[in-house]
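J.: Provide a 3D model corresponding to the input given below.
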Amino acid sequence: MNNPQRSSVLCPKCRRLVSADERKCPHCDHLRPGARWKQGPLGQILYGQGQLIQWLIYLNVGLYLISLFIHPRGLGVTPSPLTFLAPDSNSLLLLGASGTIPIDQLGRWWSLLAANYLHGGLLHLFFNMMAVGQIAPLILRFYGQHRAIIIYTWGGITGFYISYVAGVPFTIGASAALCALLGAAIYYGKSRGGIHGQAVYRQIGGWAVAILVFGLIVPGINNWGHGGGFAAGIALGRVLGYSENRAEKPTCRFLARTSIFLTLVVLAWAVGSIFYYRFTG
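T.: Numbering: from 1, shown residues only. Just a heads-up that it's a prediction; the model follows:
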(Lines give C-alpha, C1' and ligand atoms only; values in the text may rest on other atoms or scores of the structure.)
Protein backbone atom coordinates (compact mmCIF):
# COMPACT_ATOMS: atom_id res chain seq x y z
CA MET A 1 0.00 0.00 0.00
CA ASN A 2 1.48 3.32 -1.01
CA ASN A 3 1.66 6.16 1.48
CA PRO A 4 -0.19 9.29 0.37
CA GLN A 5 2.12 12.03 -0.72
CA ARG A 6 2.74 14.46 2.09
CA SER A 7 3.33 18.13 1.41
CA SER A 8 6.37 19.89 2.80
CA VAL A 9 6.71 23.29 4.45
CA LEU A 10 9.47 25.40 5.92
CA CYS A 11 9.69 25.22 9.68
CA PRO A 12 8.82 28.77 10.85
CA LYS A 13 11.58 28.67 13.46
CA CYS A 14 14.65 27.11 11.79
CA ARG A 15 13.49 27.54 8.15
CA ARG A 16 14.35 23.95 7.19
CA LEU A 17 12.13 21.76 5.04
CA VAL A 18 9.85 19.43 7.02
CA SER A 19 6.70 17.43 6.38
CA ALA A 20 3.54 19.47 6.95
CA ASP A 21 2.09 16.83 9.28
CA GLU A 22 5.13 16.46 11.54
CA ARG A 23 4.26 16.77 15.22
CA LYS A 24 7.68 18.22 15.94
CA CYS A 25 10.41 19.64 13.72
CA PRO A 26 13.23 17.05 13.58
CA HIS A 27 15.81 19.84 13.35
CA CYS A 28 14.84 22.27 16.13
CA ASP A 29 12.03 20.46 18.02
CA HIS A 30 9.52 23.19 17.22
CA LEU A 31 6.00 21.85 17.81
CA ARG A 32 3.54 21.58 14.91
CA PRO A 33 5.68 23.42 12.32
CA GLY A 34 3.07 22.77 9.62
CA ALA A 35 0.16 24.44 11.41
CA ARG A 36 -1.66 26.71 8.96
CA TRP A 37 -1.55 29.82 11.14
CA LYS A 38 2.20 29.38 11.66
CA GLN A 39 2.72 29.48 7.91
CA GLY A 40 0.87 32.80 7.60
CA PRO A 41 2.20 36.33 8.19
CA LEU A 42 1.51 36.35 11.94
CA GLY A 43 3.21 33.00 12.41
CA GLN A 44 6.26 34.23 10.53
CA ILE A 45 6.50 37.26 12.80
CA LEU A 46 6.05 35.19 15.96
CA TYR A 47 8.38 32.35 15.03
CA GLY A 48 10.29 33.21 11.89
CA GLN A 49 13.30 35.39 11.26
CA GLY A 50 12.81 36.84 7.82
CA GLN A 51 9.66 38.96 7.70
CA LEU A 52 9.57 41.05 10.87
CA ILE A 53 11.22 44.09 9.28
CA GLN A 54 8.98 43.98 6.21
CA TRP A 55 5.81 43.79 8.28
CA LEU A 56 7.04 46.53 10.60
CA ILE A 57 7.51 48.79 7.59
CA TYR A 58 4.12 47.78 6.16
CA LEU A 59 2.46 48.68 9.46
CA ASN A 60 4.06 52.12 9.59
CA VAL A 61 3.28 52.86 5.95
CA GLY A 62 -0.30 51.64 6.41
CA LEU A 63 -0.92 53.91 9.41
CA TYR A 64 0.61 56.84 7.53
CA LEU A 65 -1.68 56.29 4.54
CA ILE A 66 -4.71 56.08 6.82
CA SER A 67 -3.77 59.32 8.58
CA LEU A 68 -3.25 60.98 5.21
CA PHE A 69 -6.56 59.72 3.88
CA ILE A 70 -8.46 61.21 6.80
CA HIS A 71 -7.20 64.75 6.18
CA PRO A 72 -4.33 65.22 3.67
CA ARG A 73 -3.24 68.68 4.76
CA GLY A 74 -0.22 68.72 2.45
CA LEU A 75 -2.15 68.13 -0.77
CA GLY A 76 -2.94 70.99 -3.10
CA VAL A 77 -0.41 73.40 -1.57
CA THR A 78 3.28 74.18 -1.94
CA PRO A 79 4.65 72.75 1.29
CA SER A 80 8.14 72.69 2.70
CA PRO A 81 9.98 69.35 2.34
CA LEU A 82 9.44 68.53 6.03
CA THR A 83 5.67 69.04 5.84
CA PHE A 84 5.07 67.52 2.40
CA LEU A 85 2.05 65.19 2.57
CA ALA A 86 1.63 65.89 6.28
CA PRO A 87 -1.44 64.42 7.99
CA ASP A 88 -3.67 66.72 9.97
CA SER A 89 -2.83 66.96 13.68
CA ASN A 90 -6.41 66.00 14.62
CA SER A 91 -6.08 62.79 12.62
CA LEU A 92 -2.79 62.00 14.34
CA LEU A 93 -4.34 62.74 17.71
CA LEU A 94 -7.19 60.30 17.08
CA LEU A 95 -4.80 57.65 15.74
CA GLY A 96 -2.65 57.80 18.88
CA ALA A 97 -0.21 60.71 18.97
CA SER A 98 1.26 60.92 22.46
CA GLY A 99 2.36 63.68 24.84
CA THR A 100 0.89 65.69 27.67
CA ILE A 101 -2.13 66.83 25.63
CA PRO A 102 -3.40 63.34 24.67
CA ILE A 103 -2.53 61.79 28.04
CA ASP A 104 -3.45 64.51 30.54
CA GLN A 105 -6.48 65.89 28.74
CA LEU A 106 -7.84 62.70 27.14
CA GLY A 107 -6.37 59.92 29.29
CA ARG A 108 -4.83 58.21 26.26
CA TRP A 109 -2.06 56.22 27.92
CA TRP A 110 -2.25 53.73 25.07
CA SER A 111 -0.78 56.46 22.87
CA LEU A 112 2.65 55.64 24.36
CA LEU A 113 2.57 52.58 22.12
CA ALA A 114 0.51 53.84 19.15
CA ALA A 115 2.64 56.96 18.60
CA ASN A 116 5.57 54.77 17.55
CA TYR A 117 3.72 53.94 14.32
CA LEU A 118 2.65 57.46 13.28
CA HIS A 119 4.54 59.97 11.16
CA GLY A 120 4.13 63.63 10.38
CA GLY A 121 5.13 63.66 6.73
CA LEU A 122 6.56 61.69 3.83
CA LEU A 123 10.20 62.48 4.65
CA HIS A 124 9.63 61.69 8.32
CA LEU A 125 8.31 58.27 7.34
CA PHE A 126 10.98 57.66 4.70
CA PHE A 127 13.98 58.37 6.91
CA ASN A 128 12.63 56.39 9.85
CA MET A 129 11.83 53.36 7.70
CA MET A 130 15.21 53.58 5.99
CA ALA A 131 16.80 53.49 9.47
CA VAL A 132 14.63 50.51 10.44
CA GLY A 133 15.86 48.67 7.36
CA GLN A 134 19.49 49.27 8.31
CA ILE A 135 19.46 48.90 12.10
CA ALA A 136 16.84 46.21 12.75
CA PRO A 137 18.76 43.43 10.89
CA LEU A 138 21.69 43.97 13.27
CA ILE A 139 19.45 43.63 16.33
CA LEU A 140 17.86 40.49 14.90
CA ARG A 141 21.32 39.02 14.41
CA PHE A 142 22.61 40.03 17.86
CA TYR A 143 19.52 39.36 19.99
CA GLY A 144 17.16 37.16 17.97
CA GLN A 145 13.65 37.99 16.92
CA HIS A 146 11.79 37.79 20.24
CA ARG A 147 14.21 40.01 22.11
CA ALA A 148 14.28 42.44 19.18
CA ILE A 149 10.48 42.78 19.37
CA ILE A 150 10.67 43.47 23.11
CA ILE A 151 13.39 46.09 22.68
CA TYR A 152 11.58 47.88 19.86
CA THR A 153 8.16 47.88 21.55
CA TRP A 154 9.08 48.69 25.14
CA GLY A 155 11.99 50.93 24.22
CA GLY A 156 9.59 53.06 22.18
CA ILE A 157 7.03 53.12 24.99
CA THR A 158 9.70 54.15 27.49
CA GLY A 159 11.00 56.90 25.22
CA PHE A 160 7.55 58.45 24.86
CA TYR A 161 6.89 58.09 28.58
CA ILE A 162 10.11 59.98 29.35
CA SER A 163 9.11 62.72 26.92
CA TYR A 164 5.68 62.87 28.55
CA VAL A 165 7.26 63.30 31.99
CA ALA A 166 9.48 66.02 30.50
CA GLY A 167 6.38 67.90 29.34
CA VAL A 168 6.44 67.33 25.57
CA PRO A 169 2.87 68.24 24.52
CA PHE A 170 2.47 66.34 21.24
CA THR A 171 4.76 63.77 19.67
CA ILE A 172 4.84 60.93 17.14
CA GLY A 173 7.32 58.82 15.19
CA ALA A 174 9.38 55.64 15.26
CA SER A 175 12.50 57.45 16.43
CA ALA A 176 12.16 56.49 20.11
CA ALA A 177 11.93 52.80 19.19
CA LEU A 178 14.80 53.19 16.72
CA CYS A 179 16.93 54.78 19.41
CA ALA A 180 16.13 51.79 21.63
CA LEU A 181 17.56 49.54 18.92
CA LEU A 182 20.64 51.76 18.79
CA GLY A 183 21.04 51.57 22.55
CA ALA A 184 20.79 47.77 22.49
CA ALA A 185 23.38 47.61 19.70
CA ILE A 186 25.70 49.93 21.66
CA TYR A 187 25.38 47.67 24.70
CA TYR A 188 26.10 44.60 22.55
CA GLY A 189 29.23 46.12 21.03
CA LYS A 190 30.58 47.37 24.36
CA SER A 191 29.76 44.15 26.22
CA ARG A 192 31.04 41.75 23.59
CA GLY A 193 34.30 43.53 22.95
CA GLY A 194 36.91 42.23 20.55
CA ILE A 195 37.34 43.40 16.98
CA HIS A 196 33.73 42.67 16.07
CA GLY A 197 32.28 44.32 19.19
CA GLN A 198 34.44 47.41 18.73
CA ALA A 199 33.39 47.70 15.08
CA VAL A 200 29.73 47.54 16.06
CA TYR A 201 30.28 50.04 18.85
CA ARG A 202 31.95 52.54 16.50
CA GLN A 203 29.39 52.08 13.72
CA ILE A 204 26.33 52.43 15.97
CA GLY A 205 28.04 55.19 17.95
CA GLY A 206 28.23 57.16 14.71
CA TRP A 207 24.48 56.75 14.25
CA ALA A 208 23.84 57.89 17.82
CA VAL A 209 26.00 61.00 17.43
CA ALA A 210 24.31 61.87 14.13
CA ILE A 211 20.85 61.64 15.73
CA LEU A 212 22.01 63.77 18.67
CA VAL A 213 23.39 66.49 16.39
CA PHE A 214 20.29 66.36 14.18
CA GLY A 215 18.07 66.76 17.23
CA LEU A 216 20.02 69.76 18.48
CA ILE A 217 20.04 71.71 15.22
CA VAL A 218 16.55 70.91 13.85
CA PRO A 219 13.60 72.42 15.72
CA GLY A 220 10.67 70.29 16.81
CA ILE A 221 12.67 67.10 17.41
CA ASN A 222 11.67 65.10 20.50
CA ASN A 223 15.12 64.72 22.06
CA TRP A 224 13.58 63.47 25.30
CA GLY A 225 12.00 60.60 23.38
CA HIS A 226 15.30 59.85 21.63
CA GLY A 227 17.25 59.87 24.87
CA GLY A 228 14.66 57.84 26.74
CA GLY A 229 14.52 55.23 23.99
CA PHE A 230 18.31 55.03 23.83
CA ALA A 231 18.62 54.51 27.58
CA ALA A 232 15.83 51.92 27.53
CA GLY A 233 17.59 50.02 24.74
CA ILE A 234 20.79 49.82 26.77
CA ALA A 235 18.89 48.65 29.85
CA LEU A 236 16.85 46.07 27.93
CA GLY A 237 19.96 44.78 26.18
CA ARG A 238 21.60 44.25 29.54
CA VAL A 239 18.56 42.62 31.18
CA LEU A 240 17.61 40.37 28.24
CA GLY A 241 21.14 39.51 27.17
CA TYR A 242 22.20 38.82 23.59
CA SER A 243 22.30 35.52 21.74
CA GLU A 244 26.03 34.88 22.18
CA ASN A 245 26.04 35.11 25.97
CA ARG A 246 22.54 34.02 27.00
CA ALA A 247 20.04 31.55 25.59
CA GLU A 248 16.57 32.89 24.92
CA LYS A 249 14.18 32.09 27.76
CA PRO A 250 10.47 31.22 27.46
CA THR A 251 9.79 34.54 29.20
CA CYS A 252 11.20 36.38 26.19
CA ARG A 253 8.93 34.52 23.82
CA PHE A 254 5.93 35.28 26.03
CA LEU A 255 6.80 38.98 26.28
CA ALA A 256 7.38 39.23 22.53
CA ARG A 257 4.01 37.66 21.72
CA THR A 258 2.33 39.85 24.31
CA SER A 259 3.97 42.90 22.73
CA ILE A 260 2.68 41.93 19.28
CA PHE A 261 -0.81 41.32 20.65
CA LEU A 262 -0.91 44.66 22.47
CA THR A 263 0.38 46.50 19.41
CA LEU A 264 -2.24 45.00 17.12
CA VAL A 265 -5.06 45.63 19.61
CA VAL A 266 -4.02 49.25 20.23
CA LEU A 267 -3.60 50.07 16.55
CA ALA A 268 -6.87 48.36 15.63
CA TRP A 269 -8.62 50.39 18.35
CA ALA A 270 -7.02 53.59 17.05
CA VAL A 271 -7.98 52.96 13.44
CA GLY A 272 -11.50 51.90 14.41
CA SER A 273 -12.00 55.00 16.56
CA ILE A 274 -10.81 57.44 13.92
CA PHE A 275 -13.14 55.98 11.30
CA TYR A 276 -15.95 56.08 13.84
CA TYR A 277 -15.38 59.78 14.56
CA ARG A 278 -14.71 60.57 10.91
CA PHE A 279 -17.86 59.02 9.46
CA THR A 280 -20.35 59.28 12.35
CA GLY A 281 -19.29 62.54 13.98
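
J.: okay, CA-based contacts and neighbour counts for the rest of this
T.: OK.

J.: shaky segments in the stretch 1-150 of the chain?
T.: Where the stretch 1-150 of the chain drops to pLDDT under 70, the residues are 1-6, 13-15, 37-50, 71-83.

J.: just the strands in it please.
T.: Assigned by DSSP state E, counting those that start in this stretch, the stretch 1-150 of the chain shows strands spanning 8-10, 17-19.

J.: Those: which one's closest to residue 205?
T.: The closest of the strands of the stretch 1-150 of the chain to residue 205 is strand 8-10. By CA to CA, the value is 37.1 Å.

J.: Centre of the chain to that closest one, how far?
T.: In this view, strand 8-10 has its centroid 28 Å away from the chain centroid, taken as CA atoms, centre = their mean, to the nearest Å.

J.: got it, and stretch 186-200?
T.: The mean C-alpha position of stretch 186-200 is separated from the chain mean by 23 Å, CA atoms, centre = their mean.

J.: and it, what's its mean pLDDT?
T.: Stretch 186-200 shows a mean pLDDT of 90.

J.: quick one on the thing from earlier: adding distance to residue 230 and mean neighbour count, write the strands of the stretch 1-150 of the chain out as CSV.
T.: As requested, those are exported to CSV (distance: least, CA to CA, whole Å; neighbours: other CA atoms under 10 Å):
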stretch, distance to residue 230, mean neighbour count
strand 8-10, 36, 16
strand 17-19, 39, 17
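
J.: quick one, which of those strands is nearest to residue 201?
T.: Counting by CA to CA, residue 201 lies closest to strand 8-10 out of these; the figure is 34.7 Å.

J.: Direction included, what does that closest one pair up with?
T.: Within its sheet, and counting by DSSP bridges, strand 8-10 is paired with strand 17-19 (antiparallel).

J.: In contact with residue 35: list those residues for me.
T.: Shown in contact with residue 35 (CA atoms under 8 Å, 6 or more residues apart in numbering): residue 20.

J.: Likewise for residue 266?
T.: Per CA under 8 Å, 6+ apart, neighbours of residue 266: 110, 113-114.

J.: Which ones among these map onto helices?
T.: Counting by DSSP state H, these place 113-114 in helices.

J.: who wins for neighbours among the contacts of residue 266?
T.: Neighbour counts for the contacts of residue 266, by other CA atoms under 10 Å, peak at residue 114, which reaches 30 neighbours.

J.: How much space separates it from residue 172?
T.: 9 Å (CA to CA, to the nearest Å).

J.: residues shared between the contacts of these two?
T.: Common neighbours of residue 114 and residue 172 (CA under 8 Å, 6+ apart) are 97-98.

J.: how many neighbours does the nearest residue to residue 34 once chain neighbours are set aside have?
T.: Of all residues not flanking residue 34 in the chain, residue 20 sits nearest, at 4.3 Å (CA to CA, 6 or more residues apart in numbering). Neighbour count for residue 20, taken as other CA under 10 Å: 19.

J.: Surely residue 20 touches residue 12?
T.: No: counting by CA atoms under 8 Å, residue 20 stays clear of residue 12, with 11.4 Å between them.

J.: Let me see the contact set for residue 204.
T.: Here residue 204 is in contact with 182, 185-186 (CA under 8 Å, 6+ apart).

J.: Looking at this protein, which helix is longest?
T.: The chain, longest helix under DSSP H: helix 250-280.

J.: And the average pLDDT for it is what?
T.: 88.

J.: next one: stretch 227-245
T.: For stretch 227-245, mean pLDDT rounds to 94.

J.: and that stretch, which residues are buried?
T.: Of the residues in stretch 227-245, those buried by neighbour count under the rule 16 or more other CA atoms under 10 Å are 227-237, 240-242.

J.: Make TSV out of these and add secondary structure.
T.: Shown next, in TSV, are those (DSSP: H, G, I helix; E, B strand; the rest coil):
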residue	secondary structure
227	helix
228	helix
229	helix
230	helix
231	helix
232	helix
233	helix
234	helix
235	helix
236	helix
237	helix
240	helix
241	coil
242	coil
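
J.: burial of the nearest residue to residue 95 once chain neighbours are set aside, as a residue count?
T.: In space, and not counting its chain neighbours, residue 95 is closest to residue 270: 4.8 Å by CA to CA, 6+ apart. Residues near residue 270, counting by other CA under 10 Å, number 21.
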